[in-house]
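>>> No sequence on hand, only this structure:
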């Protein structure tokens, strides 16, 4: 009897959960579907959900018009590059803050976060001038540098909160057993820190991938990532819904797929110290 | 524990991050500060001169400054409210045993991966459009006058779009916190005959306080500078209904390449953002203490 | 440092030795259909000019404008050819930011006198041509012949605003989602203000008097705005305050609008059966007037210009010449048909019988363009150049701010009088800041 109730309950809750999940996912699904319509069908009312003539013409047009793979590889290079460099700088810093905190550690952290609040529209011109003089405009290095700086505070903070949860007792125990600093790091701490580092890595790839102000303003052709690709499909004169949908699908698919596959790793460390 | 030696080591380890961020902040900031005291328009070269606080006076006395400030806070507050309440409910739902839990979770987190420009374009043109949009079609199927989203409820529309993007983030963090809640605690409370509501308000919610604090802090940092969504959908209008501080700076300055004014606006925004940050810390910082 | 300059020197020597082989032009362009077509056909140019390769940066209009302006003003040197409009050319030309196209002007094969005078005038500063027009556009009335017939109304070739308003109100049938008229309402200097400024010209209004005093407190502006708001409330579609060109295009193509006053380039979209559900029942008329001698149509030309910072001015001029030549028009005609030729730049195109028969909107386009005068846009004298804009650096900001205010009036948030008062104040204070009253 109790089991029957709980099964029924499970079905009911599942139904609600699926409905909500579907609604949340719907805009993305709709974009995906629209990308296979002709421009005419795309704005038709009543809308066609699945039963329309599926066509690949939008993807063909997009492929003809822009070098998707160049934009894609630029996105990969800058997102991954900036994340890795960010991690290399942030891991020691977060480590130090977590394991040898001082009175000012929290202030330093907060100050780091506050650097994120400099509004990009206000500092575009100064940065542009600096980049021009350093010949960094439209280069991978320049873009990686900016993305690293923008996301560094988040990386440091995320790692800090994660590292802080590594129990110090374990270190002491290892020390008692006569482990050296090296061994301590390699055998005890690294395995414990890996999940946190992995999810920081993933979150920052996502943030860097989706950054749309600097990536658009500091690049022209050689380093232009997918955000620039999208900008060439939004609001031209004429109908563009289907083509935009195709371009959007191409731009978000890689990161969406990556996110889905690495979901477990992403979630495991994505606590920001929210869990005790 | 903290010997002098480890302290030095710690300083050394922090040095690269601190120095780089200092550089990143100070160089543009000092340039910005310098420009903010100049009359400097990119489109009028050769006419630069020192103006003192002229740019600041002009920016702060702009008739739309206060409404932009209010809009910024409404936008941040609105999105936070929706994502925290929605995220908590969603996390409670996903914490239950359900069929196909993995897939449901994938669907729910998907919006977080979508570029802001793309999501704004999709919402505006394909969903909220008063004539060709899906919502207006649904409204008409139910014989209701379709809502003209960006004219009748512009700020609400933008809040919805932004909240949609950030809901997954809030849900994930709250869900992780929820899952760490001791099953025994819940069961013990259930034994005591606590109904679902007392259980939620006395056991679960206090446990989530930390997670919610984190969501507020991280999201506020990103939400204070919302820009792309406004540019794509309403262009700050109608009137100044959706002009937040970032957009005001953009409109007043970047749009006419008035670097001096842009810089003054930027400095003002930094100061305001830091005030908000300090406030936030005062209010919620306690929760973050270990 | 020394080493580096030697290295650079030897590199450039090497480049010289390789002749023009290594030239690569970076072209910034807007993502409109005609430019996309140019990009597709550009292999003809590359074939004819071995040694020049092309890199395209195709961007949405607003992003493009911000990118190229930042770059040219800071001398970033990222582009060799820029697509800019009639708003930028007078300002940038006066700053010496652009390379004057003397080579093209003196080239008899290019035939610079074939360019439409109104457009050429808008791209010339102090007698120098600073940009070559790629396509030109004005605005006109597009209307649904079937709806007009059903209502028993005849559209004259040159309607008045009163006629348009009456017709719009008569045809509107909100229950069946037929709206009498669709006009721009989305805030922006290139969106609702383009339409409203052009309309204001035909109502006898102007942005500034000869002393740069804003004129929003004038009776003419009040008439303009009141007319617009009333008409849109009674006969316009819902959501008009966020409708720009594209939104209205979609509305018209799906049969929701009886009339639409907008860019002449829209003609080829609304008559294209592949996209438009009303393709075979579209008529055209000149933009309306009030009998004051000015019609409410604008003038815009997307043009190719060469920034002064480029290292490859010669190759760039070659490309600009190719893309805006008569031969290019013939190339497009041969490959994609006469109807797809970029319109509104050359007189010879409008003397070509093949074009005239393939493009039913051709004469109306030419007539609309010729009816404008960028140097003398309003009924009263003005100190500025530009029909639907004011070619001063401050205008993008002012125009957008005023556009926001007017869109608020359209959305019913404020009254027409309040909107005009706010606009007057905003404009006055920006102009004061710009130093126009010293």
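Noted; the coordinates are in hand. Since we're looking at a predicted model, the values are computed, not measured.
>>> Tell me who's in contact with the closest residue to chain C within the stretch 51-200 of chain B.
Closest contact between the stretch 51-200 of chain B and chain C, by CB to the nearest CB, is at residue B:130 (3.4 Å). The way it works is simple: take the backbone N, C-alpha and C, and place the C-beta from them, glycine included. Going by CB atoms under 8 Å, 6 or more residues apart in numbering or on different chains, residue B:130 touches B:136, B:146, B:147, B:148, B:149, B:151, C:237, C:238, C:239.
>>> Show me which of the residues you listed are buried.
Neighbour counting over those (16 or more other CB atoms under 10 Å in any protein chain shown) leaves B:136, B:146, B:147, B:148, B:149, B:151, C:237, C:238, C:239 as the buried ones.
>>> and which of those is nearest residue B:109?
Minimum distance to residue B:109 across the buried ones among the contacts of residue B:130 is 25.3 Å, recorded for residue B:149 (CB to CB).
>>> Could you find the closest non-adjacent residue to the residue of the stretch 151-290 of chain B found nearest chain A?
Proximity of the stretch 151-290 of chain B to chain A (CB to the nearest CB) peaks at residue B:266, 2.2 Å away. Leaving out its chain neighbours, the residue that sits closest to residue B:266 by CB to CB, 6 or more residues apart in numbering or on different chains is residue A:122, at 2.2 Å.
>>> sorry, back to before: from the contacts of residue B:130, which land in helices?
Secondary structure from DSSP state H places B:136, B:149, B:151 of these in helices.
>>> Please list which of those are also close to chain C.
B:149, B:151 (CB under 8 Å from any CB of the partner chain).
>>> in chain C, what spans have low per-residue confidence?
C:1-22 (pLDDT under 70).
>>> let's see 80
Along chain C, segments meeting pLDDT under 80 span C:1-22, C:242, C:274-275, C:438.
>>> what's near enough to touch the spatially most central residue of it?
For chain C, residue C:300 is the residue whose C-alpha lies nearest the centre (CA atoms, centre = their mean; 3.2 Å). Neighbouring residues of residue C:300 by CB under 8 Å, 6+ apart: C:85, C:86, C:136, C:137, C:138, C:194, C:263, C:388.
>>> And these, which two are furthest apart?
C:136 and C:194 (14.6 Å).
>>> neighbour-wise, which of the two wins?
Between residue C:136 and residue C:194, residue C:136 has the larger neighbour count (other CB atoms under 10 Å in any protein chain shown), namely 29 against 25.
>>> Name the helix or strand for the residue nearest to the more buried one when sequence neighbours are not counted, please.
Sequence neighbours aside, residue C:344 is the residue nearest to residue C:136 in space, at 2.9 Å (criterion: CB to CB, 6+ apart). Per DSSP states H and E, residue C:344 falls between elements, in no helix or strand.
>>> phi, psi of whatever residue of chain A ends up closest to chain B?
Closest approach between chain A and chain B, counting by CB to the nearest CB: residue A:122, at 2.2 Å. For residue A:122, the backbone dihedrals are phi -80, psi -30 (criterion: degrees, to the nearest 10).
>>> next one: residue C:208
Dihedral pair for residue C:208: phi -130, psi 150, per degrees, to the nearest 10.
>>> tally of neighbours for it?
What residue C:208 shows, counting by other CB under 10 Å, is a neighbour count of 18.
>>> State the distance from it to chain A.
If you measure residue C:208 against chain A using CB to the nearest CB, to the nearest Å, the figure is 28 Å.
>>> Hmm, that residue is touching residue C:214, no?
Yes. With contacts counted by CB atoms under 8 Å, residue C:208 reaches residue C:214, the gap being 6.0 Å.
>>> So what does the residue nearest to residue A:82 when sequence neighbours are not counted look like in phi/psi?
Closest residue in space to residue A:82, ignoring its immediate chain neighbours: residue A:147 at 3.7 Å, by CB to CB, 6+ apart. Reported as degrees, to the nearest 10, the phi and psi values for residue A:147 are phi -60, psi -40.
>>> How about the contacts made by residue A:147?
A:78, A:79, A:82, A:208, A:211, A:214, A:215.
>>> isn't the third one right up against residue A:151?
Yes. Under the criterion of CB under 8 Å, residue A:82 is in contact with residue A:151, at a separation of 6.7 Å.
>>> the more surrounded of the two?
The neighbour count for residue A:82 versus residue A:151, taken as other CB under 10 Å, is higher for residue A:82 (27 against 24).
>>> re earlier: helix, strand, or coil at the residue nearest to the centre of chain C?
Classification of residue C:300 using DSSP: H, G, I helix; E, B strand; the rest coil returns strand.
>>> For it, list each beta-bridge partner.
Taking DSSP bridges as the rule, residue C:300 bridges to residue C:137.
>>> tell me which element the residue of the stretch 51-200 of chain A found nearest chain C falls in.
Using CB to the nearest CB, the single residue of the stretch 51-200 of chain A nearest to chain C is residue A:132, 5.0 Å away. If you go by DSSP H and E, residue A:132 is part of helix A:120-133.
>>> which residues make contact with that helix from outside it?
A:136-137, A:142, A:146, A:213-214, A:217-218, B:27-29, B:31-32, B:35, B:42, B:225, B:227, B:246, B:249-250, B:253-254, B:257, B:259, B:262-263, B:265-267, B:269-270, C:70, C:74-77.
>>> Filter these down to the buried ones.
A:136-137, A:142, A:146, A:213-214, A:217-218, B:28-29, B:31-32, B:35, B:42, B:225, B:227, B:246, B:249-250, B:253-254, B:257, B:259, B:262-263, B:265-267, B:269-270, C:70, C:74, C:76-77.
>>> Counting only helices, which of these make the cut?
Within those, residues falling in helices by DSSP H are A:142, A:146, A:214, A:217, B:28-29, B:31-32, B:35, B:246, B:249-250, B:259, B:262-263, B:265-267, B:269-270, C:70.
>>> count of neighbours near the nearest residue to residue A:49 once chain neighbours are set aside?
Nearest in space to residue A:49, with sequence neighbours left out and distances taken as CB to CB, 6+ apart, is residue A:33 at 6.9 Å. By the measure other CB under 10 Å, the count of residues near residue A:33 is 19.
>>> helix/strand/coil for residue A:33?
helix.
>>> ok so, going back, buried ones in the helix holding residue A:132?
Under 16+ other CB under 10 Å, the buried positions of helix A:120-133 are A:120-132.
>>> pLDDT on that helix, on average?
Mean pLDDT, computed over helix A:120-133, is 85.
>>> between it and helix B:245-252, how big is the angle?
60 degrees (axes from the mean of the first three to the mean of the last three CA atoms, to 10 degrees).
>>> residue contacts, the most centrally placed residue in chain A?
In chain A, the residue lying closest to the centroid (CA atoms, centre = their mean) is residue A:206, at 0.9 Å. Residues in contact with residue A:206 (CB under 8 Å, 6+ apart) are A:255, A:259, B:112, B:113.
>>> What about the first one, how many residues nearby?
For residue A:255, the tally of surrounding residues (other CB under 10 Å) stands at 23.
>>> hang on, it packs against residue A:211?
No. Applying CB under 8 Å as the test, residue A:255 and residue A:211 come out as separate, 11.8 Å apart.
>>> so what's in contact with those two at the same time?
By CB under 8 Å, 6+ apart, no residue touches both residue A:255 and residue A:211.
>>> so what's the closest residue to residue B:38 other than its chain neighbours up against?
In space, and not counting its chain neighbours, residue B:38 is closest to residue B:260: 4.9 Å by CB to CB, 6+ apart. Counting by CB under 8 Å, 6+ apart, residue B:260 makes contact with B:35, B:36, B:37, B:38, B:39, B:40, B:41, B:51, B:55.
>>> and with 6 Å instead?
Counting by CB atoms under 6 Å, 6 or more residues apart in numbering or on different chains, residue B:260 touches B:35, B:38, B:39, B:40, B:55.
>>> before we move on, back to that, and the pLDDT at the residue nearest to residue A:82?
92.
>>> now do residue B:70
Looking at residue B:70, its pLDDT reads 92.
>>> what sits opposite the nearest residue to residue C:84 once chain neighbours are set aside in the beta ladder?
Nearest residue to residue C:84 in three dimensions, chain neighbours excluded: residue C:305, at 5.4 Å (CB to CB, 6+ apart). Beta bridges link residue C:305 to residue C:82, judged by DSSP bridges.
>>> I'm done for today, thanks for sticking with me.
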